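Q: the following comprises the amino acid sequence and a computationally predicted model.
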Amino acid sequence: MVFSMQRVQPMRRAFSVGLLAAAMGMAGLAQAQSGTPVRILVGFPAGAGTDAIARTLGEKLKDVLGVPVVVENRAGAGGQIAAQALKAAPADGHTLFLSHDHSISILPQVVKNPGFNPATDFVPVAGFATFANVLAVSGGTPAKSIDEYVKWVRTQKGGKETIGVPAPASIPEFLVKMISDKYKLDVQAAPYRGSAPMTADMLGNQITAGIASVPDFIENHRAGKVRIVASIGAKRQALLPNVPTFTELGFANLEDLPYYGIFAPVGTPQPVIDRYGDALQKVLAMPDVKQKLTTMGLTVGYEPQGQFAGRVRTYTQTWEKIIQASGFKP
């Protein structure tokens, strides 16, 4: 077969680009295997649910990967600071971001200039769990259900109260507004810098209720220090069989569960992404890891890169509609 020069030159360029990409991938893989520590960025303080999850996985990932794994807390702005740090990190396989839905699906919709765009700045590595946001009341109230809490707010607080949320303009804050509207109360969200300080105020009876994830509340719920009274999701949580869903209570569009996953800077070589995904899958298959994460309130399940990317897109679109319908303006 005879090729014209016009056809051969583009083929040469494509072949060269392919060789370059392969070389970059092998170089990135070699770097990831070099013993250089891997950073896992976490957007919330030490002691919070997300931090505990990251440290549980990091401890096992270091053994599977054969390199040190360091959890680095970049707390503040609902994960925004950590997300910006991921964007600024080189795509060399040494920096990952462990995040739930807020930083990836919600922040870009509620902040005018978040300083990052997940669709163009990040690449999903894999998903590893879903969870539920829940409403919990503090021990300073007599309420054992959401109806009892609403009645208590009406009679003891004149229908006015604040409910803590881990971050401003978060799903918990939108849930506060939905609770206020449904029960015709004057309930306002009190944003915190993460769930840990919010929970501390609940334990000290500085606030009477809060909304966060099951991992944030489950231990104190078991100890009777707070009481979880409602959760999102299409069905009740396995750890909370006696707690009704918001759907059961008459709320709409709260069936989709938030997710947890790991992300890398865009441009990270695919062989490196695949290596981290494989390592995460091995860690999640360890019985002690699955048991610990399940005990924290997570529904554990490995999702490879493509499947996880689809979940993120669908979830983002669902909440885009809810946020727009609420009239919220960034």
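A: All right, it came through fine.

Q: show me this structure divided up by domain.
A: 33-130+258-326, 133-231 (automatic domain parsing).

Q: and those as CSV, adding mean pLDDT, distance to residue 248 and mean neighbour count?
A: Where C-beta positions appear, they are placed from N, C-alpha and C, glycine not excepted. Below are the domains of the chain laid out as CSV (pLDDT from 0 to 100; distance: least, Cβ to Cβ, whole Å; neighbours: other Cβ atoms under 10 Å):
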stretch, mean pLDDT, distance to residue 248, mean neighbour count
domain 33-130+258-326, 95, 18, 19
domain 133-231, 95, 8, 20
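
Q: can you tell me how far the most centrally placed residue in the chain is from residue 117?
A: Centroid-nearest residue in the chain, with Cα atoms, centre = their mean: residue 100, separated by 0.6 Å. Applying Cβ to Cβ, to the nearest Å, the value for residue 100 to residue 117 is 18 Å.

Q: now swap in residue 43 and tell me
A: 16 Å.

Q: cool, and residue 302?
A: Following Cβ to Cβ, the distance that separates residue 302 from residue 117 is 26 Å.

Q: how about residue 265?
A: 12 Å.

Q: where do the strands sit along the stretch 101-250 of the chain?
A: Secondary structure of the stretch 101-250 of the chain by DSSP state E, counting those that start in this stretch: the strands cover 122-130, 133-138, 160-165, 186-191, 209-213, 226-231.

Q: those: which one's closest to residue 74?
A: Ranking the strands of the stretch 101-250 of the chain by proximity to residue 74 (Cβ to Cβ) places strand 122-130 first, at 14.7 Å.

Q: one step back: and the strands of the stretch 101-250 of the chain: which comes nearest residue 283?
A: strand 122-130 (8.5 Å).

Q: show me the beta-bridge partners of the residue nearest to the centre of the chain.
A: residue 260 (DSSP bridges).

Q: ok, it - contacts?
A: 50, 79, 131, 213, 258, 259, 260 (Cβ atoms under 8 Å, 6 or more residues apart in numbering).

Q: quickly check those for the two that are furthest apart.
A: Across the contacts of residue 100 (Cβ to Cβ), the longest gap, 15.0 Å, separates 79 and 131.

Q: could I get the domains of the chain in a markdown table, plus columns for distance to residue 246?
A: Shown next, in a markdown table, are the domains of the chain (distance: least, Cβ to Cβ, whole Å):
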| stretch | distance to residue 246 |
| --- | --- |
| domain 33-130+258-326 | 12 |
| domain 133-231 | 5 |
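
Q: in a strand, residue 255, correct?
A: No: using DSSP: H, G, I helix; E, B strand; the rest coil, the assignment for residue 255 is coil, not a strand.

Q: give me phi/psi at the nearest residue to it once chain neighbours are set aside?
A: Distances taken as Cβ to Cβ, 6 or more residues apart in numbering put residue 234 closest to residue 255, at 4.1 Å, once the chain neighbours are dropped. Dihedral angles of residue 234 (phi, psi; degrees, to the nearest 10) stand at phi -80, psi -20.

Q: pLDDT wise, what is residue 234 at?
A: Looking at residue 234, its pLDDT reads 94.

Q: same question, residue 253
A: pLDDT, residue 253: 89.

Q: would you confirm that it contacts residue 323?
A: No: using Cβ atoms under 8 Å, residue 253 and residue 323 do not qualify as a contacting pair, with a distance of 11.1 Å.

Q: and of the domains of the chain, who's closest to residue 241?
A: Residue 241 lies closest to domain 133-231 among those, at 10.9 Å (Cβ to Cβ).

Q: just the terminal-to-terminal distance for that closest one.
A: With Cα to Cα, to the nearest Å applied, domain 133-231 spans 6 Å between its terminal residues.

Q: how far out from the middle of the chain is it?
A: 20 Å (Cα atoms, centre = their mean, to the nearest Å).

Q: try stretch 230-248
A: Centre to centre, stretch against its chain (Cα atoms, centre = their mean), the figure for stretch 230-248 is 19 Å.

Q: sounds good, over and out.
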